[in-house]
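*Asks:* Got a sequence here, can you model it:
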Amino acid sequence: MKVWIFLLLSAQHKQYKGLKPGQISMSIPDIIEGVSWKVGARKERPTKDQVYQVLEFLRGKAMKSKRSPNESNENVAMITTTKATHKMLITICNYEVYQDKSRDESNGESNEDKPTKPPRKQRQPNNINNNDNNDNKKTSPSRKNAKRIYEEDNRYYQMAVYFHEKIMAHAEANKVEHLVRNANMQNWADEFRKIVELDERDTKEMQRVIDWATSHSFWSPNILSPKKLRDKYSELGIKMAMEGKSGQGTSNRQEQSKDFLRRKKETLRNDGGTDDRFVDPDSYGLPDVSGE
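*Replies:* All right, here's what the predicted structure looks like:
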C-alpha cells in the first residue's frame with residue numbers, strides 16, 4: 001500500500017519534461033528511500049525484493065496469496081513499466097480516475113467567487129506621548145547643555161570682576177592693560193562657580209591667593225584667567241604659604257593695586273556715581289558665599 005500511495009503522489013499531474021500526466025521516472029532505490037520510515041532513531045527500509053514483488057503485483061502479474069491461493073490479480077494491471085537508462089518509466093493506468101477534477105474545479109470556482117477580506121488595519125502603538133517627548137528633545141535644548149547666564153549682582157560674577165580688576169591694576173602699572181581689558185565675564189563667572197562648588201575652595205582663602213598671585217613678580221603675568229587660577233590653585237596656595245601669609249616681597253605691587261582702586265573710586269565720585277565696593281580698598285574682598 002505504501003508503494004502504491006507513493007507512486008500516486010509522485011506521478012506528474014501535467015505534462016513536464018517529456019513526462020505525461022500519471023508518469024514517473026524512478027528507480028527501485030528511489031522507491032525504497034521514498035517509502036522508508038523511522039523507528040525511534042533508526043530508519044527502516046523495505047528490501048529490494050519486497051519492492052519488486054509489489055511492482056509485479058501492480059503490473060498485474062499472477063501472484064497467488066497465501067491466504068487465498070485460488071485468487072490472483074492476473075490481468076488487473078494498475079501500472080505499466082518501461083526500462084530506461086538507470087531508471088524505469090512507470091505509468092499509472094487510468095490516472096485520471098484518481099484525480100477528482102470536479103472537486104478541483106469547484107474549489108477553484110468557490111475560491112474565485114469568495115469575496116476577499118479587506119486588509120486588516122495595522123494597529124498603531126500608543127506612542128503619542130513618546131513622540132511628543134522626542135519632539136521636545138529635538139526642539140528644546142537640554143538643561144545640561146544650556147549655558148548659564150550670570151547677572152551682575154551674582155556672587156560669581158562679582159568674583160570675576162574682582163579678579164579682573166586685580167589683573168588690570170598690575171597691567172596698568174606695566175602699561176599693558178590693553179592685553180587683558182577684554183575679558184568674557186560670563187565665562188569667568190562660570191569658572192569661579194566651578195572653583196567654589198566643584199573644587200570646594202574657601203572664598204576667603206581664594207581672595208588671599210588671588211591677591212598674592214596677582215602681586216607676585218612671577219605669577220602675575222602667568223595667572224591671567226580664572227581657568228589658569230583653578231588649574232594652579234594648589235600650587236599657588238603652597239607657594240604663598242612658603243613665602244608667608246602676608247606675601248613677603250610683594251608689598252610694592254599690593255600698594256599699586258590699592259592705588260588703582262583708590263583712583264577708580266575717585267573716578268566714580270567725579271562721575272556722580274557711588275560704589276560701596278570701593279569705600280575702603282584696604283578692607284575690600286571677594287563676595288562672601290558662606291551664608292548662601
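*Asks:* in the stretch 51-200 of the chain, what spans have low per-residue confidence?
*Replies:* 62-75, 100-118, 121-145, 179 (pLDDT under 70).
*Asks:* ok, which stretches of it are strands?
*Replies:* Using DSSP state E, counting those that start in this stretch, the strands of the stretch 51-200 of the chain run over 79-83, 88-92.
*Asks:* would a markdown table of these with distance to Lys2 and mean neighbour count be doable?
*Replies:* Any C-beta I mention is one placed from the backbone N, CA and C, and that applies to glycine too. A markdown table is the format used below for the strands of the stretch 51-200 of the chain (distance: least, Cβ to Cβ, whole Å; neighbours: other Cβ atoms under 10 Å):
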| stretch | distance to Lys2 | mean neighbour count |
| --- | --- | --- |
| strand 79-83 | 15 | 14 |
| strand 88-92 | 15 | 19 |
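*Asks:* Redo those strands as JSON lines? Include distance to Gln99.
*Replies:* Below are those laid out as JSON lines (distance: least, Cβ to Cβ, whole Å):
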{"stretch": "strand 79-83", "distance to Gln99": "16"}
{"stretch": "strand 88-92", "distance to Gln99": "10"}
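*Asks:* Nearest to Lys17 among these would be which one?
*Replies:* Proximity to Lys17, assessed across those by Cβ to Cβ, is greatest for strand 88-92 (12.2 Å).
*Asks:* picking up where we left off before, nearest to Ser10, out of the strands of the stretch 51-200 of the chain?
*Replies:* In terms of Cβ to Cβ, the element of the strands of the stretch 51-200 of the chain nearest to Ser10 is strand 88-92, at 8.7 Å.
*Asks:* got the angle for that closest one vs strand 79-83?
*Replies:* Angle between the axes of strand 88-92 and strand 79-83 is 160 degrees (criterion: axes from the mean of the first three to the mean of the last three Cα atoms, to 10 degrees).
*Asks:* partner strands of strand 88-92, parallel or antiparallel?
*Replies:* Sheet partners assigned to strand 88-92 using DSSP bridges are listed as strand 23-26 (antiparallel), strand 79-83 (antiparallel).
*Asks:* what does it rub up against?
*Replies:* 7-8, 11, 20, 22-27, 78-83, 98 (Cβ atoms under 8 Å, 6 or more residues apart in numbering).
*Asks:* what do you get if the cut-off is 6 Å, keeping everything else the same?
*Replies:* For strand 88-92, the external contacting residues (Cβ atoms under 6 Å, 6 or more residues apart in numbering) are 11, 22-25, 79-82.
*Asks:* Could you do stretch 42-60 as well?
*Replies:* Against stretch 42-60 from outside (Cβ under 6 Å, 6+ apart): 3, 28, 31-32, 36-37, 63, 75-79.
*Asks:* Mind giving me the ChimeraX select for those, buried ones only?
*Replies:* Here is the ChimeraX command that picks out the buried ones among the contacts of stretch 42-60, judged by 16 or more other Cβ atoms under 10 Å:
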select :3,31,32,78,79
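*Asks:* So which of the contacts of stretch 42-60 sit within helices?
*Replies:* The subset of those located in helices under the criterion DSSP state H comprises 3, 28, 31-32.
*Asks:* Among those, which one sits closest to Glu177?
*Replies:* Among those, and counting by Cβ to Cβ, the member closest to Glu177 is Ile32, at 106.7 Å.
*Asks:* just to revisit the earlier point, and of the strands of the stretch 51-200 of the chain, who's closest to Asp190?
*Replies:* strand 88-92 (92.5 Å).
*Asks:* contacting residues around Glu200?
*Replies:* Glu200 neighbours (Cβ under 6 Å, 6+ apart): none.
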